[in-house]
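Novice: Here's my sequence, what's the structure:
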Amino acid sequence: MARIDKSKLTKLEIIRVASRKFLEKGYSNTSIKAISDELEMSTGNLTFHFPTKEHLLAELVKMLRRFQWKLIEQEADEGVSSMLAICIELMTVASACEESEIAKDFFLSTYSSPICVDYIRSSAVERAKIIFENYCKDWTEEQYIEAEILISGINYATLMTTDTTVSLETRISGALNHIMMIYNVPENLRKEKIEKVLSIDCRELGKRVFGKFTEYVDECVEDTLKEILIG
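Specialist: Reported below is the predicted structural model:
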């Protein structure tokens, strides 16, 4: 029998508890002490594996990006273009933030975290190279990076809401138009994608997809646990 790596098991259990608390109680409302208390572990032991709460959030963000890729692949199988899929993705996240304070806290926290936003940008760069390559044929790596720095700011602004904010539909439409403009998408195609996105019941989709993400996190943890135990 293969030797079980106890350190990996400990880290996985920390991720399991932290992720559940972040998605049920809210990232901002969850302390390292609350996580360690539930695990019956000292905070020193927990921070040995994850130095800060931000490092735990980064683990959840990695799962989020895999989940989003999975949705895009599923939508592609159903005949939805990759460009439309990422437009729907932003609409879904913005809608989830509109409907749930927990979702809003989670997504805004990811864009406020240097560790998380660096990961989001690097992942987005690789995706953009595939989706927008026909419109950015001569682009360098640096240009894609610069574009995603701008886009992460647009995304953050789109997710922010106040009592006097413009409507969700207006924010989504404006954000998608600017994002596609950055990647040289022609105006007629931008309008077509935005019209399709706005025709969707975004609020219902936002709640449903955020719920699916919570289920996906549980599945990821269980699958990793099986891999560790099997060796």
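Novice: So for I130, what's the nearest residue that isn't a sequence neighbour?
Specialist: Once flanking residues are discounted, I130 sits nearest to S82: 7.0 Å by CB to CB, 6 or more residues apart in numbering. In short, each C-beta sits where N, CA and C put it, glycine included.
Novice: For this structure, which segments count as helices?
Specialist: Secondary structure of the chain, counting by DSSP state H: helices at 6-24, 32-39, 43-49, 53-77, 82-99, 101-112, 114-131, 141-159, 168-182, 187-198, 202-230.
Novice: ok, back up a step: is the residue nearest to I130 in contact with K129, as I believe?
Specialist: No: using CB atoms under 8 Å, S82 is not in contact with K129; the gap is 11.5 Å.
Novice: Highest mean neighbour count out of the helices of the chain?
Specialist: For those, average neighbour numbers computed from mean count of other CB atoms under 10 Å are highest in helix 82-99, which has a mean of 22.
Novice: most centrally placed residue in the protein?
Specialist: Geometric centre of the chain, nearest residue: L64, 4.3 Å, by CA atoms, centre = their mean.
Novice: Apart from its chain neighbours, what residue comes closest to that residue?
Specialist: Nearest to L64 is F213, by CB to CB, 6+ apart, at 6.6 Å.
Novice: next one: L23
Specialist: Once chain neighbours are set aside, the closest to L23 by CB to CB, 6+ apart is T214, at 5.1 Å.
Novice: okay, that neighbour: pLDDT?
Specialist: Reading off the confidence values, T214 has pLDDT 87.
Novice: Tell me which helix or strand in the chain has the weakest average pLDDT.
Specialist: helix 202-230 (a mean of 82; mean pLDDT, DSSP states H and E).
Novice: which helices and strands sit right next to that one?
Specialist: With contacts taken as 3 or more CB pairs under 8 Å, 6 or more residues apart in numbering; DSSP states H and E, helix 202-230 sits against helix 6-24, helix 53-77, helix 82-99, helix 168-182.
Novice: and the angle from the second one to helix 202-230?
Specialist: With axes from the mean of the first three to the mean of the last three CA atoms, to 10 degrees as the basis, helix 53-77 and helix 202-230 are set at 110 degrees to each other.
Novice: can you check the last one too?
Specialist: Angle between the axes of helix 168-182 and helix 202-230 is 70 degrees (criterion: the same axes, to 10 degrees).
Novice: Helix 168-182 to helix 114-131, inter-axis angle?
Specialist: Angle, helix 168-182 to helix 114-131, by the same axes, to 10 degrees: 60 degrees.
Novice: Need the residues that contact helix 168-182.
Specialist: Outside helix 168-182, the residues that touch it by CB atoms under 8 Å, 6 or more residues apart in numbering are 83, 87, 90-91, 94-95, 98, 147, 150-151, 154-155, 157-158, 165, 189-190, 193-194, 197-198, 202-203.
Novice: How about stretch 52-69?
Specialist: 14-15, 18-19, 22-23, 27, 30-32, 35, 50, 89, 106, 109-110, 113, 115-116, 119-120, 123, 127, 212-213, 216-217, 220.
Novice: Show the average pLDDT along that stretch.
Specialist: Mean pLDDT, stretch 52-69: 91.
Novice: likewise stretch 185-199?
Specialist: Mean per-residue pLDDT for stretch 185-199: 94.
Novice: With just CA atoms, put it into PDB.
Specialist: Provided in PDB are the C-alpha atoms of stretch 185-199 (Å, rounded to 0.1, in the frame of the first residue of the first chain):
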ATOM      1  CA  VAL A 185     -13.800  42.700 -31.900                       C
ATOM      2  CA  PRO A 186     -15.800  44.500 -34.600                       C
ATOM      3  CA  GLU A 187     -18.800  46.600 -33.500                       C
ATOM      4  CA  ASN A 188     -21.500  44.500 -35.200                       C
ATOM      5  CA  LEU A 189     -20.200  41.400 -33.500                       C
ATOM      6  CA  ARG A 190     -20.000  43.100 -30.200                       C
ATOM      7  CA  LYS A 191     -23.600  44.200 -30.500                       C
ATOM      8  CA  GLU A 192     -24.700  40.700 -31.500                       C
ATOM      9  CA  LYS A 193     -23.000  39.100 -28.400                       C
ATOM     10  CA  ILE A 194     -24.300  41.700 -26.000                       C
ATOM     11  CA  GLU A 195     -27.900  41.300 -27.300                       C
ATOM     12  CA  LYS A 196     -27.700  37.500 -26.800                       C
ATOM     13  CA  VAL A 197     -26.400  37.900 -23.300                       C
ATOM     14  CA  LEU A 198     -29.100  40.400 -22.300                       C
ATOM     15  CA  SER A 199     -31.800  38.100 -23.600                       C
END
